[in-house]
Structures are given as C-alpha cells and as structure tokens.
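Engineer: Have a look at this fold, sequence not included:
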C-alpha cells in the first residue's frame, strides 16, 4: 500500500492490519476514535470485511462523522 498516495489531500491516514504487515498491528478501529477526535475529519472511508466496516461505522457515528465503507455486501 502506498500510504502517501492513499492520504493525498486528506491530512492523515490510519493504516492497521491484523498481522502488522502494513501500518500498525491491530484492528481497523484501533486508534480511530482518537484520530477522529484530533484530526478534524468530516468523513471516514474504510474498506474491508463487513464486521470491520460495522465497527468503523459505530466509531464514526459516535464521533458524529459521516462514513462510507466498501466491502462485500451491505454494511448495515
């Protein structure tokens, strides 16, 4: 993954993988709440399996930030 290109124009990108092969080792939602609280984000974009997208949506909604997920099937 080209993190610099993925974050072009957005200010900050949070990359986590369950095996630590890219970004930080952990879950997609690890650190997301803190990032949203400090980054001034207006939208969260996420890609992955539906359970992770649901978790990201919960964190974003708790922070009152719009979110869009891309994965297999509907997020909700």
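Structural biologist: Nice, thanks for sending it over. Keep in mind that this is a model prediction, so the values were computed, not measured.
Engineer: The residue nearest the centre of the chain in helix, strand or coil?
Structural biologist: Among the residues of the chain, the one closest to the centroid is residue 46, at 4.7 Å (Cα atoms, centre = their mean). When classified by DSSP: H, G, I helix; E, B strand; the rest coil, residue 46 comes out as strand.
Engineer: Mind listing the residues bridging to it?
Structural biologist: Following DSSP bridges, residue 46 is listed with bridge partners residue 69.
Engineer: That one reaches residue 65, doesn't it?
Structural biologist: No: in terms of Cβ atoms under 8 Å, residue 46 does not count as a neighbour of residue 65; the distance is 11.7 Å. Bear in mind the C-beta positions are built from the backbone N, C-alpha and C, glycine included.
Engineer: rewinding a little: roughly how far does the residue nearest to the centre of the chain sit from residue 25?
Structural biologist: Using Cβ to Cβ, to the nearest Å, one gets 18 Å for the distance from residue 46 to residue 25.
Engineer: Run through the residues that contact residue 60.
Structural biologist: Residue 60 makes contacts with 32, 36, 44, 66, 67, as judged by Cβ atoms under 8 Å, 6 or more residues apart in numbering.
Engineer: Mind checking which of those are buried?
Structural biologist: If you count burial by 16 or more other Cβ atoms under 10 Å, the buried members of the contacts of residue 60 come out as 32, 36, 44, 67.
Engineer: what's the average pLDDT for the helix or strand residue 61 falls within?
Structural biologist: Per DSSP states H and E: residue 61 is located in helix 50-62. For helix 50-62, mean pLDDT is 91.
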